[in-house]
Structures are given as C-alpha cells and as structure tokens.
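In: the following comprises the amino acid sequence and a computationally predicted model.
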Amino acid sequence: MIKLRIIIRIIRVSNVAVNPLERSQSNEEFTDCSIMAFMDNQTHLQSQPTEMTLLQQGSQQLQWPLSAPQIAQFVAYYQALVTWNERFNLTAITEYQEVQVKHFLDCLVGLQVLGAELKQPPLQERALTCIDVGTGAGFPGVPLKIAWPQSRWTLLDGTGKKLLFLQEVVEQLKLSEVNLVQGRAEEVGRQSASRERFDLVTARAVAPLNTLAEYLLPLARLGGFVMIYKGGSAPQEFMEARKAIELLGGDTVRLAPVQVPFLEEKRFILLIKKVRSTPHLYPRGQGLTRKKPLK
Ligand code: SAH
C-alpha cells in the first residue's frame, strides 16, 4: 500500500512537470487501472527492459499492432530521446512508461481516426505524402512513420537543434523517405514547392487552433487532410477557429474524442479536409498569424 502511494505521488509530480509543455491544460491523472498496468509493467520490465509492453498492448487496442522490428525502432527512438535530452531540452516526458503512453500511443491514436476515414484502400497501404509541422522531437511524425512505413514525411521545425536530433533518429532507425526541414510554417506555406502539396498535414502541441489552422491548411493539397492533436480545450478552441478553418479552405470532417490506451486525460483529434484552395493572402507574415489570429 505504501509503495502504491509513493508511485501515485511520483506520477502526480511528474504530471505537473509535464503539463506546461503538453497540449492539455488538464490536471487529470492516471487512473487506478493505468497505475496497475504501470506497476505490472514495472515488475515485468526488470527482466525485459526493452519490450515496451504498454506500447505493444496499446497498439493492439488501437487495431494497429506493431511488429517486433517496429517495436525495436521505438526502443531505439526512446533511447536516443533520453540520451539527447541530457544535453538538449527536447521533452519533459522521459520516463519509460510515460513516453510509451503520452508520446508514442498518443501519436498513434491519430491512425485510428484517419484509418476510419480512408478505408479503401486501407491506410497501411497508402503511400501518402505527409508533413508534421512543429515536430519538435518528432511528434507525431516519427511514431506515425514507424507504425506506417508506407508514408513519406517532411518533419518541419523552426529550431535547429531539434532537427539535429531528428537527423540522428532517422539514421539510427534507418527511416526512409523522411525529409527534415528547418523553417517557420508560415514561410514554408508560402513557398510553391510546399504550398498545397501534402496529402496529410499534422501538428501536436504547436499553437492555439486558430493560429494553427493558418499554419497548416495552406500546406494541404485539395482533397488532402489536416490532422490536429488537441487536449481537453479542443471543443472551445474549435468554436473559436471554425470560421478561420472555412476561410482557409477547410471542411471539418470530425472533432473526435479519442481514448489513448492507459491514459485518462481527454484527447481529441480534429480532422479537416481541404476542399477549396487557400486564398493567397494566407498564411500572413510578420507574426500576424500568432499575434492576430483569424476570427
Ligand atoms: N509536436 C511536438 C513538439 C511540440 S513543441 C510534440 O508534440 O511534442 C512546439 C514545437 O513547434 C517546437 O519545437 C517549436 O520550435 C515548433 N514551432 C512553433 N511554432 C512554429 C512555426 N511557426 N513553424 C515551425 N515550427 C514551429
């Protein structure tokens, strides 16, 4: 019992530390059930430190089971993340179980929503051209690439050190068709080589939705999709961004509440289809996207 209390306290403390970086403002915590999974796993991991049990079970729950080589890639990614994090601040989430849930499974949940929309041929078989905007340490782009090898990715971030890390990840994991780009979304979205070129545009924890819509929609091709990962604030943010989404050429397909395995916090995936060309005015420059978000 005492041991359980200590574990609960550790989780609480780490949650508080994690929240400012995360997209959810919520202080909700792991449930008893996930704590039990956490403890079981902890015991198990003492003998098998590289199994990623939560990730394996969670990916099955998401109907997207991972093969042994894919799990090995996630293990290598985890190791690179914690090693680099000692020198560069890449993420506040570094604990083995928490990374599996709050980073890896949290990213993979998007496959469920997208897969339900793109059924024939199944998503697994589609070689979509995708861009992850504000990818940071590679979320959600790298987990999606590992789980869905057919996809082709551009990982975009404004910060050089994140791309140095990602370069190492791409080499170590032997990821093919992953292109790393340093740049601002609002500039890249004006360049003809990237404007309206992507089948899928993703972002997690980058900006409020009305700003984000202006970063992302210009990059999606007509008929393509924008997939945005949000926390509990999603419904409110969506109300404030609805008009902007429409103005930028988007048609909302779903604002889907999603269940990340082993996580009680609220998560949403917003899926938008690009149905009209984005007017040339957007994305605006000079920080207007951020300072004066579209209403
Ligand atoms: N998507 C990652 C990182 C979130 S932190 C995750 O979910 O963990 C936000 C990241 O977005 C940072 O790495 C920051 O450098 C990048 N970013 C913020 N605004 C950006 C912009 N306008 N263009 C490109 N990158 C941006």
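Out: Noted; the coordinates are in hand. Quantities reported herein were computed from a predicted structural model and do not represent experimental measurements.

In: drop to CA atoms for contacts and neighbour counts, all remaining ones
Out: Noted.

In: shaky segments in this protein?
Out: Scanning the chain for pLDDT under 70 picks out 1-50.

In: for this protein, which residues are neighbours of the ligand?
Out: Residues of the chain lying close to the ligand (Cα under 6 Å from any ligand atom) are 133-136, 139, 157-159, 183-186, 203-206.

In: if we go to 8 Å?
Out: Residues of the chain lying close to the ligand (Cα under 8 Å from any ligand atom) are 21-23, 91, 103, 132-140, 156-159, 162, 182-186, 203-207, 215.

In: just the buried members of the residues you listed?
Out: 22-23, 91, 103, 132-140, 156-158, 162, 182, 185-186, 203-206, 215 (16 or more other Cα atoms under 10 Å).

In: my guess is A241 contacts L209, does it?
Out: Yes. A241 lies in contact with L209 (Cα atoms under 8 Å); the separation is 6.1 Å.

In: these two: who's more crowded?
Out: Neighbours per residue, other Cα atoms under 10 Å: of A241 and L209, the larger number sits with L209, 28 against 22.

In: list the contacts for the more buried one?
Out: By Cα atoms under 8 Å, 6 or more residues apart in numbering, L209 lies in contact with E237, F238, A241.

In: give me the three-state assignment for the second one.
Out: Going back to what we said before, that points to F238. Three-state assignment for F238 (DSSP: H, G, I helix; E, B strand; the rest coil): helix.

In: backbone torsions only: list them for L270.
Out: Here is the backbone geometry of L270 (degrees, to the nearest 10): phi -100, psi 120.

In: cool, W153 as well?
Out: Dihedral angles of W153 (phi, psi; degrees, to the nearest 10) stand at phi -130, psi 140.

In: distance of it from the ligand?
Out: 14 Å (Cα to the nearest ligand atom, to the nearest Å).

In: please apply the same query to R197.
Out: Computed as Cα to the nearest ligand atom, the R197 to the ligand distance reads 17 Å.

In: pretty sure that residue is touching L217, no?
Out: No. Here R197 lies out of contact with L217, judged by Cα under 8 Å, at a distance of 10.6 Å.

In: between the two, who's got more neighbours?
Out: L217 (33 against 19).

In: what's the burial count for the nearest residue to the more buried one once chain neighbours are set aside?
Out: Among residues not flanking L217 along the chain, L248 sits closest, at 6.3 Å (Cα to Cα, 6 or more residues apart in numbering). Neighbourhood size, L248 [other Cα under 10 Å]: 25.
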